[in-house]
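S.K.: sequence and computational prediction follow.
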Amino acid sequence: MSLIPSEASKVEVAGATVDFFELKKDGESTYYFDTSKCGPPDPMVNAMSGLRLIKGTNNKLVMINHKTPGGLFSKLEDDISHEAQEVDGGLVKITFTSNNSSAANTDFEQNACH
């Protein structure tokens, strides 16, 4: 069972090593990617690539991963919010949103796991 909606369309994302998908609704986009079968550094690399898509917008980014990416969360400044939830199959679904009122500026080039 895929956690990416079947009506989402594949999109190209600079720096990504997995497929990304976009679902447009009511003038906003939700981007999806799945790194649940990937090892380091792919989850971090793809998250940072995807977060560039939503910074300063009302769009969302959804990451499907095999565990909560604590190393990623520690790299995010105030400008990106996240919410994690466990889903069927032992996976974690993390939804990222941009906090447009924040003056922080996360460095999305910092995609190493350490």
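M.R.: Yep, it's here.
S.K.: so where is this protein shaky, pLDDT-wise?
M.R.: 1, 101-114 (pLDDT under 70).
S.K.: now the strands for it?
M.R.: With strands called from DSSP state E, the chain shows them at 9-11, 20-25, 28-34, 60-65, 80-87, 91-98.
S.K.: nearest to residue 41, out of these?
M.R.: Residue 41 lies closest to strand 60-65 among the strands of the chain, at 12.8 Å (Cβ to Cβ). In this view, the C-beta of every residue, glycine as well, is placed from N, C-alpha and C.
S.K.: tell me the angle of that closest one relative to strand 28-34?
M.R.: 10 degrees (axes from the mean of the first three to the mean of the last three Cα atoms, to 10 degrees).
S.K.: what is strand 60-65 packed up against?
M.R.: Counting contacts by 3 or more Cβ pairs under 8 Å, 6 or more residues apart in numbering; DSSP states H and E, strand 60-65 is packed against strand 28-34, helix 42-54, strand 91-98.
S.K.: need the ones you listed in CSV (columns: distance to residue 62 and mean neighbour count).
M.R.: Shown next, in CSV, are these (distance: least, Cβ to Cβ, whole Å; neighbours: other Cβ atoms under 10 Å):
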stretch, distance to residue 62, mean neighbour count
strand 28-34, 5, 20
helix 42-54, 9, 21
strand 91-98, 5, 18
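S.K.: hmm, back to that, next, format the strands of the chain as JSON lines and append distance to residue 71.
M.R.: Conversion of the strands of the chain to JSON lines gives the following (distance: least, Cβ to Cβ, whole Å):
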{"stretch": "strand 9-11", "distance to residue 71": "25"}
{"stretch": "strand 20-25", "distance to residue 71": "21"}
{"stretch": "strand 28-34", "distance to residue 71": "17"}
{"stretch": "strand 60-65", "distance to residue 71": "11"}
{"stretch": "strand 80-87", "distance to residue 71": "13"}
{"stretch": "strand 91-98", "distance to residue 71": "13"}
